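Colleague: Okay, predicted coordinates and the sequence, questions at the end:
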Amino acid sequence: MQAGKICYLEIPATDVQVSSTFYVKLFGWTVRTRGDGALAFDDTTGAVSGSWIIGRPPARDPGILPYVMVEDIDRTLERVRELGGETVTPRMALGPGDSFAILRDPAGNLVGLYQGR
């Protein structure tokens, strides 16, 4: 155990199947069924897991904003649109080789994208 590490995310969803498909196809996350029958995910590193939650309002306004590392922000934003999401903040440079963008998933949640050198 590593104290202080982010380990679990609960993502509000209006339809768990739609949301899980979006995140699996966009980021390559793995989906599994928990012991209680709920659909859960593991990120590509296996270090962060979570689940989709019905009945909780989506994070439509920035509060805590999670960012997911991607290899190509522009290609990822194309996929976002193809998968039913939208671009909120287009790719913006942070410095040489670093950039970020913000998307809205099909349920309305804001999620950041980060591309490093």
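Modeller: Perfect, thanks for sending it.

Colleague: So which bits of stretch 105-117 are buried?
Modeller: Under the neighbour-count criterion of 16 or more other CB atoms under 10 Å, stretch 105-117 has 105-107, 109-113, 115 buried. In this view, the C-beta of every residue, glycine as well, is placed from N, C-alpha and C.

Colleague: which one of the residues you listed is nearest Asp61?
Modeller: Ranked by distance to Asp61 (CB to CB), the buried residues of stretch 105-117 are led by Leu110 at 7.5 Å.

Colleague: Verify the stated contact: the closest one with Ile64.
Modeller: No. Leu110 is beyond contact range of Ile64, at 10.0 Å (criterion: CB atoms under 8 Å).

Colleague: following the helix or strand hosting Pro12, which helix or strand shows up next?
Modeller: If you go by DSSP states H and E, Pro12 is part of strand 8-13. Remark: after strand 8-13, the chain's next helix or strand is helix 16-27, criterion DSSP H and E.

Colleague: Need the contact partners of that following helix.
Modeller: Contacting residues not belonging to helix 16-27 are listed as 11, 13, 29-31, 39, 41, 43-44, 52, 54, 68, 70, 76, 79-80, 83-85, 105-107 [CB atoms under 8 Å, 6 or more residues apart in numbering].

Colleague: next structured bit after it?
Modeller: strand 30-33.

Colleague: circling back to that earlier point, how about the buried residues of stretch 105-117, which pair is most distant?
Modeller: Taking CB to CB as the measure, the buried residues of stretch 105-117 have their most distant pair in Ala107 and Gln115, spaced 23.7 Å apart.

Colleague: hmm, back to that, could you name the helices and strands sitting against the strand holding Pro12?
Modeller: If you count contacts as 3 or more CB pairs under 8 Å, 6 or more residues apart in numbering; DSSP states H and E, strand 8-13 packs onto helix 16-27, strand 49-54.

Colleague: quick one, the shortest one and strand 8-13 angle?
Modeller: This points to strand 49-54. 30 degrees (axes from the mean of the first three to the mean of the last three CA atoms, to 10 degrees).
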